[in-house]
Each structure stands twice: as C-alpha cells, then as structure tokens.
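> structure for this input, please:
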Amino acid sequence: MVVALSEVPSDERVELVDVPDDECRARLLRLGLLDGSVECRRRIRNGPVVVRRRGTEVALGRSLAREITVERAPRDGAPQ
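Purely as a prediction, here's the structure:
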C-alpha cells in the first residue's frame, strides 16, 4: 500500500516510491535514501519526520514528507 511518508508510524521500514521535487530527489539520492529501505525513526508532532538509513538520520520537513510517497518494505525473511 502506498502512503505519504508523513503518515508512517515510528520504527516502520519503508521504501521511498516517489519524490515529486527534482532537486529534493537528487539530494535524497546523494544521501543514499532512494536505493533501498529506510526506517522512519520519529514523527515529531507538527514538525519533521526523521528517517534513518545505514546509521545516518535525516529530518525531512512535514510539508515535504506529505509529498513523498512510500511503500512498506518487506521484513527480512518475510515472503514478498
């Protein structure tokens, strides 16, 4: 199921499906956030969404997180 990143609960693993802004997509690609699953670490009320990948945490503004669509990442060992 595809949802907005801003709706993902904490500690959920997701894959970013679509980032509508080209400049933002390029930045996230350089940070390595578009080539695999990321963990939604925190959703700060009325604030940013913090995601983590390979030990790096990045805070994405709430308005940007609303525009990014994600899909649940398969769990290790779970059937796809």
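
> buried residues, stretch 5-22. List them.
Neighbour-count burial for stretch 5-22 flags 5-6, 8, 12-14, 16, 19 (criterion: 16 or more other C-beta atoms under 10 Å). Where C-beta positions appear, they are placed from N, C-alpha and C, glycine not excepted.

> now that stretch, how far from the centre of its chain.
3 Å (C-alpha atoms, centre = their mean, to the nearest Å).

> tell me where the protein has strands.
Using DSSP state E, the strands found in the chain span residues 2-4, 12-18, 37-43, 49-53, 56-60, 69-72.

> quick one: closest of those strands to residue 31.
strand 56-60 (6.2 Å; C-beta to C-beta).

> tell me which residues of the helix of greatest length in the chain are tucked away?
Longest helix of the chain, by residue count under DSSP state H: helix 22-30. By neighbour count on 16+ other C-beta under 10 Å, the buried set for helix 22-30 is 25, 28.

> strand 49-53 and that helix, what's the angle between them?
40 degrees (axes from the mean of the first three to the mean of the last three C-alpha atoms, to 10 degrees).

> how about residues contacting helix 22-30?
The contact list for helix 22-30 (C-beta atoms under 8 Å, 6 or more residues apart in numbering) reads 16, 19, 34-35, 64.

> and with 7 Å instead?
16, 19, 34, 64 (C-beta atoms under 7 Å, 6 or more residues apart in numbering).

> try stretch 3-13
14, 37, 39-43, 49, 60, 62, 65-66, 68-70, 73.

> emit the PyMOL select command for whichever of those are buried.
Selection of buried members from the contacts of stretch 3-13 for PyMOL, criterion 16+ other C-beta under 10 Å:
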select buried, resi 14+37+39+40+43+49+60+62+65+68+69+70+73
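
> ok so, going back, any chance of the strands of the chain in JSON lines, plus mean pLDDT and distance to residue 26?
JSON lines is the format used below for the strands of the chain (pLDDT from 0 to 100; distance: least, C-beta to C-beta, whole Å):
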{"stretch": "strand 2-4", "mean pLDDT": "93", "distance to residue 26": "20"}
{"stretch": "strand 12-18", "mean pLDDT": "92", "distance to residue 26": "13"}
{"stretch": "strand 37-43", "mean pLDDT": "89", "distance to residue 26": "17"}
{"stretch": "strand 49-53", "mean pLDDT": "92", "distance to residue 26": "16"}
{"stretch": "strand 56-60", "mean pLDDT": "90", "distance to residue 26": "14"}
{"stretch": "strand 69-72", "mean pLDDT": "92", "distance to residue 26": "17"}
